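[1] Predicted structure and sequence below. I'll ask about it afterward.
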Amino acid sequence: MKKVLLILSLLLPAFSIMAAEHEVKMLNGGPEGAMVFSPAYLKINVGDTVKFVPTDIGHNSESIFSPDGGASWKGELNKPVSATFDKEGVYAYQCTPHAIMAMVGIIQVGDASNKDDFMKYVDTKEGEFAINKGRFKTYAEQVK
Ligand SMILES: [Cu+2]
């Protein structure tokens, strides 16, 4: 019994450190221009949660690219939405009303094991933006 308690006391702090919650703000503007997520590129660990916060009004977060079996989500306008990432790889999301303005973001969970597929997706998606062309690609350069 004493041994079990000792093991538990060693494990519990490790779990609380490992599963972190991160925050991504939805903003009308930032250093990269109008309509942005901040941070637009975020690297987290497997098991972490990301909360998308409607800091400015008129935005949401909707997943648009996930690794096979990875999380997907669709938040409502002006509402916070959270997603937990149990599968490693690169994920992308957009703000539905501002998708055409390249209001997009990237979450890298652990290793970028699906990087090749992701980069192809970025190229395709870049063709859909009316303004802020190249923004998604610039974000994607941070995926290592
Ligand atoms: Cu938006």
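    Received it, and whenever you're ready, just let me know what you need.
[2] what about the strands in the protein?
    21-30, 33-38, 41-44, 49-53, 62-65, 81-84, 89-94, 104-109 (DSSP state E).
[3] Does the longest one reach the ion?
    Which is strand 21-30. No. Applying CB under 5 Å from the ion, one finds strand 21-30 separated from the ion by no less than 6.1 Å. Yep, even glycine has a C-beta here, placed from its N, CA and C like the rest.
[4] Show me what counts as buried in that strand.
    By 16 or more other CB atoms under 10 Å, the buried positions in strand 21-30 come out as 22, 24-27.
[5] how about a markdown table for the strands of the chain, with mean pLDDT added?
    Shown next, in a markdown table, are the strands of the chain (pLDDT from 0 to 100):
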| stretch | mean pLDDT |
| --- | --- |
| strand 21-30 | 97 |
| strand 33-38 | 97 |
| strand 41-44 | 98 |
| strand 49-53 | 98 |
| strand 62-65 | 98 |
| strand 81-84 | 98 |
| strand 89-94 | 98 |
| strand 104-109 | 98 |
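[6] Now render these as a markdown table, adding distance to residue 143.
    Shown next, in a markdown table, are those (distance: least, CB to CB, whole Å):
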| stretch | distance to residue 143 |
| --- | --- |
| strand 21-30 | 16 |
| strand 33-38 | 15 |
| strand 41-44 | 8 |
| strand 49-53 | 16 |
| strand 62-65 | 12 |
| strand 81-84 | 18 |
| strand 89-94 | 6 |
| strand 104-109 | 6 |
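[7] Ok, which of the ones you listed comes nearest residue 140?
    strand 104-109 (6.5 Å; CB to CB).
[8] interface residues of the chain facing the ion?
    So the chain meets the ion at 59, 95, 98, 103 (CB under 5 Å from the ion).
[9] The residues you listed, buried ones only, as a PyMOL selection?
    Those of the residues of the chain next to the ion that count as buried under 16+ other CB under 10 Å are selected in PyMOL with:
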select buried, resi 59+95+98+103
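[10] beta partners for the spatially most central residue of the chain?
    Centroid-nearest residue in the chain, with CA atoms, centre = their mean: residue 107, separated by 3.3 Å. With DSSP bridges applied, residue 107 shows beta-bridge pairing to residue 42, residue 91.
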